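Trainee: predicted structure and sequence below. I'll ask about it afterward.
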Amino acid sequence: MAILLPGGAGYIGSHTAVELLKAGKEIVIVDDFSNSSPKVLDAIRKITGKDFKFYELDYKNKEKLEKIFEENEIDSVINFAGFKAVGESVKKPLEYYENNVSGALVLLDTMRKYGCKKFIFSSSATVYGTPEVIPITEESKTGGTTNPYGTTKLFIEKILEDLYASDNTWDICILRYFNPVGAHESGLIGEEPQGIPNNLMPYIVRVANGTFKELSVFGNDYDTPDGTGVRDYIHVVDLSKGHVKALEKLDKEGNGLYIYNLGTGIGYSVLDMVNAFKKSTGKEVAYKITERRPGDIATCYADPTKAKVELGWVAEKNLEDMCKDSWNYIEMSQKK
Ligand code: WQD
């Protein structure tokens, strides 16, 4: 019985592959390397000392996807094959809807055909739009997404709800990620954004290593303790362990549609991150205050109680680990 990981060579997919292999699970990775590299597969093998099957293909290719279900006993699927760049999604909405939404439809339809009904979906805190209440619980209102990327996550959640309503023998878990950062402590896998990074931590490490002159802090006039945006940063290894716990829950209980926030429950500002980075790594991060970034909200952090109570999952790594591991990954990749 194997777990299929479309997008398993990507940032969160590769870290989850490691945690699943460490937990003794069998995995099959599918990736087209559109936002990842074949080197990641060897890195996963090196970290875990374990092997797995790999197929290079676009997960929307139904014919080839079906062949994988023919050739393997796929028991569950964790989908990491979504496109995830907010800015790019505004410029390429059709590509985002096609890859994320049509891709999910192809995947779910194929699963149904082969009687595989256990699915974990990578959603995002972005589905909450501008939160009315902080910290955000799973019962908080969703909607009001401000970009096509976020809307694809919202649409897929709705598709999963409708699917479950039509057939309650599905076992579905929606994981709403807050802000994933960091890398595996080995420095062998991590985040590899294409072009100029949009997210804060990848930008901070690239200022620290001299790729960019300074960080633009997008606004210091928010209603937050120091005026800069507050987010719930979560170490990618903790996040990955959340998937293992979610799978265990579905294996044990099944037949349900479950939704969990995966965050730490702690909010840090942009300047907290800059200061923590310096404290953890000794590296200075030059910055200037600029205009607010359109679409940004002041504060966003999770209430992760439900995941703690129902999955037995809590984030264990702290801000220092997040900074150190992000930096270690960049240093290691420069040496390669
Ligand atoms: C964090 C904070 C910025 C860059 C986005 C997506 C979300 C999820 C994660 C996944 C904010 C500030 C940032 C910079 C800055 N997507 N910032 N200077 O916007 O919370 O969430 O990424 O794949 O769906 O919306 O994350 O890291 O971009 O920003 O001041 O150069 O850092 O304004 O307050 P965000 P982020």
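Mentor: On my side now, so go ahead.
Trainee: isn't Ile74 up against Ala2?
Mentor: Yes - under the criterion of C-beta atoms under 8 Å, Ile74 makes contact with Ala2 at 5.7 Å. For glycine as for every other residue, the C-beta is placed from the backbone atoms N, C-alpha and C.
Trainee: any shared contact partners between those two?
Mentor: Val28 (C-beta atoms under 8 Å, 6 or more residues apart in numbering).
Trainee: in terms of neighbours, single out the busier of these two.
Mentor: Ile74 (21 against 18; other C-beta atoms under 10 Å).
Trainee: and the more buried one, what is it in contact with?
Mentor: Counted by C-beta under 8 Å, 6+ apart, Ile74 has contacts 2-4, 28, 68, 111, 114, 116.
Trainee: could you do Leu175 as well?
Mentor: Counting by C-beta under 8 Å, 6+ apart, Leu175 touches 120-123, 242-243, 246, 260, 262.
Trainee: please report phi then psi for it.
Mentor: Recorded main-chain torsions at Leu175 are phi -110, psi 120, according to degrees, to the nearest 10.
Trainee: and the closest residue to the ligand within the chain, how many neighbours?
Mentor: The ligand sits closest to Gly229 of the chain, with a gap of 2.2 Å, by C-beta to the nearest ligand atom. Gly229 sits with 25 neighbouring residues when counted by other C-beta under 10 Å.
Trainee: isn't it right up against Ile289?
Mentor: No - counting by C-beta under 8 Å, Ile289 is not a contact partner of Gly229; they are 11.9 Å apart.
Trainee: what helix or strand does Lys308 sit in?
Mentor: Element membership for Lys308 (DSSP states H and E) is helix 305-311.
Trainee: what segments of the stretch 1-150 of the chain are strands?
Mentor: 2-6, 26-31, 53-56, 74-79, 118-124 (DSSP state E, counting those that start in this stretch).
Trainee: related to what we said a few turns ago, possible to save the contacts of Ile74 as CSV with distance to the ligand?
Mentor: Formatted as CSV, the contacts of Ile74 follow (distance: C-beta to the nearest ligand atom, whole Å):
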residue, distance to the ligand
Ala2, 26
Ile3, 22
Leu4, 21
Val28, 24
Ile68, 26
Met111, 24
Tyr114, 29
Cys116, 26
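Trainee: and those residues, which of them are buried?
Mentor: For the contacts of Ile74, a burial check counting by 16 or more other C-beta atoms under 10 Å picks out 2-4, 28, 68, 111, 116.
Trainee: tell me the one of these nearest Lys278?
Mentor: Ile3 (39.5 Å; C-beta to C-beta).
Trainee: in the sheet, who's paired with the closest one?
Mentor: Ile27, Ser76 (DSSP bridges).
Trainee: show the pLDDT at it.
Mentor: pLDDT recorded at Ile3 is 98.
Trainee: just Gly254 next, same as before
Mentor: 78.
Trainee: picking that back up, name the stretch among the strands of the stretch 1-150 of the chain that sits most buried.
Mentor: strand 2-6 (a mean of 25; mean count of other C-beta atoms under 10 Å).
Trainee: which residues touch that one?
Mentor: Contacts of strand 2-6 (C-beta under 8 Å, 6+ apart): 13, 16-17, 20, 25-31, 53, 59, 68, 72-81, 103, 107, 247.
Trainee: mind jotting down where the helices sit in the stretch 151-300 of the chain?
Mentor: 200-208, 236-252, 270-281 (DSSP state H, counting those that start in this stretch).
Trainee: and Ser140, which of those is closest to it?
Mentor: helix 236-252 (18.6 Å).
Trainee: that closest one packs against which elements?
Mentor: helix 11-22, strand 74-79, strand 118-124, strand 171-177, strand 179-181, strand 256-262, helix 305-311 (3 or more C-beta pairs under 8 Å, 6 or more residues apart in numbering; DSSP states H and E).
Trainee: reformat the ones you listed as JSON lines; add distance to Ile134.
Mentor: What follows is these, written out as JSON lines (distance: least, C-beta to C-beta, whole Å):
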{"stretch": "helix 11-22", "distance to Ile134": "24"}
{"stretch": "strand 74-79", "distance to Ile134": "28"}
{"stretch": "strand 118-124", "distance to Ile134": "17"}
{"stretch": "strand 171-177", "distance to Ile134": "15"}
{"stretch": "strand 179-181", "distance to Ile134": "14"}
{"stretch": "strand 256-262", "distance to Ile134": "12"}
{"stretch": "helix 305-311", "distance to Ile134": "14"}
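Trainee: turn those into JSON lines, including distance to the ligand.
Mentor: Shown next, in JSON lines, are the helices and strands packed on helix 236-252 (distance: least, C-beta to the nearest ligand atom, whole Å):
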{"stretch": "helix 11-22", "distance to the ligand": "9"}
{"stretch": "strand 74-79", "distance to the ligand": "14"}
{"stretch": "strand 118-124", "distance to the ligand": "4"}
{"stretch": "strand 171-177", "distance to the ligand": "7"}
{"stretch": "strand 179-181", "distance to the ligand": "5"}
{"stretch": "strand 256-262", "distance to the ligand": "12"}
{"stretch": "helix 305-311", "distance to the ligand": "18"}
